[in-house]
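**Q** quick check, what structure comes out for this input:
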Amino acid sequence: MQKKISIVIPCYNEEQALGIIYEKLVEIAAQMTQFDFEFVLVNDGSNDHTLAVMRTLAQKDVRVSYYSFSRNFGKEAALLCGLKNASGDYIATMDADMQDPPELIPQMVEALESGAYDNVASRRVTRKGEPLIRSFFARKFYKWMRNLTHIEIADGARDYRMMSRAMVNSILALPEYNRFSKGIFAWVGYRTKWIEFENVKRSAGETKWNFWQLLHYSVDGIVNFSNAPIRLASILGIMMTILSFCAIIFEVIRALIFKDPVAGWPSLVCIITFIGGIQLFCMGIMGQYISKTYMEVKRRPHYIVGETNRECEYNG
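**A** Presented below is the predicted three-dimensional model:
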């Protein structure tokens, strides 16, 4: 039997781009006749005609399977659904906007077929066309992730990659509700080859990620894979305690020498405000971890499939 390649594509409002990437993937599949192909499309609660496009593609091509969520659950849930329902020997994940070049698929397959790698991942080496502030913080994020989590995530790493069945099974064995796929891909390990490419413009539509969504995504990634923020809060608490103790000694000596305990109240107000801010900051950090724990213990499904043309777990 021929080996099968599954292409997992999470979609959110991609009615314009989905047909374009499908045609490109069909073209590549026609060139790789030694493999069977499967296209796993996941509709993440789109409010345009993405689902209708998926239905049309599934009707004309038996290789297309689609899973439509009952609402928007997020890209992480869509990736998980696609991986759970992919049946291939090699499984690729990619975006629908053509910013993940499908032309890299033969190169990825070749690396996996060599037996030297279990994971062929991609990274952008340029961010041409992106706002400067977004590019700056993106680079800082990857640096902080490496330093804080001790997990090697390459600068510019994308979710676009092709993995062996063994690696995908390891990923699916991680049941956590709060998922950060880039961290999970790195955490499970396996032999990885990186492929570099230059930034590509979207084929159609607009990006669904704004600065604040990316910032929230970054905070989730750090909190999910590191306890460094909690350690930071503890260190700040110790430092402020020592500083406050020194300030008390200073004020006592000052009052004994100068007999002027009233002077300095403006600076006292500033100090109290500063310490209060530090306390709220630390409470916010702890709150992030508590909220993550709260979501985990409720054990809600990652997603709910509202419609599909295949049999699957409707609650993921």
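**Q** which SSE is E27 in?
**A** helix 15-31 (DSSP states H and E).
**Q** how about that helix: buried residues?
**A** 15-22, 24-26, 28-29 (16 or more other C-beta atoms under 10 Å). All C-beta atoms are positioned from the backbone trio N, CA, C, and that covers glycine.
**Q** how about those residues in a markdown table, adding distance to G284 and pLDDT?
**A** As requested, the buried residues of helix 15-31 are exported to a markdown table (distance: C-beta to C-beta, whole Å; pLDDT from 0 to 100):
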| residue | distance to G284 | pLDDT |
| --- | --- | --- |
| E15 | 39 | 85 |
| Q16 | 39 | 85 |
| A17 | 37 | 85 |
| L18 | 39 | 88 |
| G19 | 44 | 87 |
| I20 | 43 | 88 |
| I21 | 40 | 89 |
| Y22 | 44 | 90 |
| K24 | 45 | 90 |
| L25 | 44 | 91 |
| V26 | 49 | 90 |
| I28 | 47 | 90 |
| A29 | 49 | 88 |
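**Q** which among these gets closest to A58?
**A** Nearest to A58 out of the buried residues of helix 15-31 is Y22 (C-beta to C-beta; 10.5 Å).
**Q** I figured that closest one hits A58, correct?
**A** No: if you go by C-beta atoms under 8 Å, Y22 and A58 don't touch, sitting 10.5 Å apart.
**Q** do a quick rundown of the strands in the stretch 101-250 of the chain.
**A** Along the stretch 101-250 of the chain, counting by DSSP state E, counting those that start in this stretch, strands occupy 119-124, 157-164, 192-197.
**Q** picking up where we left off before, which residues does the helix holding E27 contact?
**A** With contacts defined as C-beta atoms under 8 Å, 6 or more residues apart in numbering, helix 15-31 is touched by 7, 9, 11, 35, 37, 39, 41, 46, 48-50, 52-54, 57, 61, 63-64, 94, 96-98, 102-103, 105-106, 202-205.
**Q** got the contact list for the helix or strand just after that helix?
**A** Counting by DSSP H and E, the next helix or strand C-terminal to helix 15-31 is strand 36-43. Strand 36-43 has contacts (C-beta under 8 Å, 6+ apart) with 2-12, 18, 22, 25, 29, 50-51, 54, 57, 61, 63-69, 78-79, 81-82, 85-88.
**Q** restricted to buried residues, select those in ChimeraX.
**A** Typed into ChimeraX, the next command selects the buried ones out of those (criterion: 16+ other C-beta under 10 Å):
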select :4,5,6,7,8,9,10,11,12,18,22,25,29,50,51,54,57,63,64,65,66,67,68,69,78,79,81,82,85,86,88
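**Q** show me the contacts of strand 36-43 that map onto strands.
**A** 4-11, 64-69 (DSSP state E).
**Q** from those residues, which is closest to C246?
**A** Of the ones in strands among the contacts of strand 36-43, the one sitting nearest to C246 (C-beta to C-beta) turns out to be P10, at 53.7 Å.
**Q** just to revisit the earlier point, and of the ones in strands among the contacts of strand 36-43, the nearest to R179?
**A** Distances from R179 to those, taken by C-beta to C-beta, are shortest for P10, at 12.5 Å.
**Q** which residues touch the closest one?
**A** Applying C-beta under 8 Å, 6+ apart, the residues near P10 are V42, D44, K75, A78, L79, G82, T93, D95, A96.
**Q** pick the one among the residues you listed closest to E176.
**A** Taking the contacts of P10 together and measuring to E176 by C-beta to C-beta, the closest member is L79, at 13.4 Å.
**Q** any idea how far that closest one is from Y289?
**A** Taking C-beta to C-beta, to the nearest Å as the measure, L79 falls 24 Å from Y289.
**Q** do C246 as well
**A** Distance of C246 to Y289, given as C-beta to C-beta: 30 Å.
**Q** quick one, which of the two is more surrounded?
**A** Comparing C246 with Y289 by other C-beta atoms under 10 Å, the one with more neighbours is Y289, at 15 against 10.
**Q** next one: phi and psi at that one?
**A** When read as degrees, to the nearest 10, the backbone of Y289 gives phi -70, psi -40.
**Q** same question, A116
**A** phi -90, psi -20.
**Q** cool, and P175?
**A** The phi/psi pair for P175 (degrees, to the nearest 10) reads phi -90, psi 0.
**Q** coming back round to it: could the ones in strands among the contacts of strand 36-43 go into CSV alongside pLDDT and distance to I184?
**A** CSV is the format used below for the ones in strands among the contacts of strand 36-43 (pLDDT from 0 to 100; distance: C-beta to C-beta, whole Å):
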residue, pLDDT, distance to I184
K4, 90, 23
I5, 91, 21
S6, 93, 18
I7, 93, 19
V8, 93, 14
I9, 92, 19
P10, 91, 15
C11, 89, 21
V64, 90, 26
S65, 91, 23
Y66, 91, 24
Y67, 92, 20
S68, 91, 24
F69, 90, 20
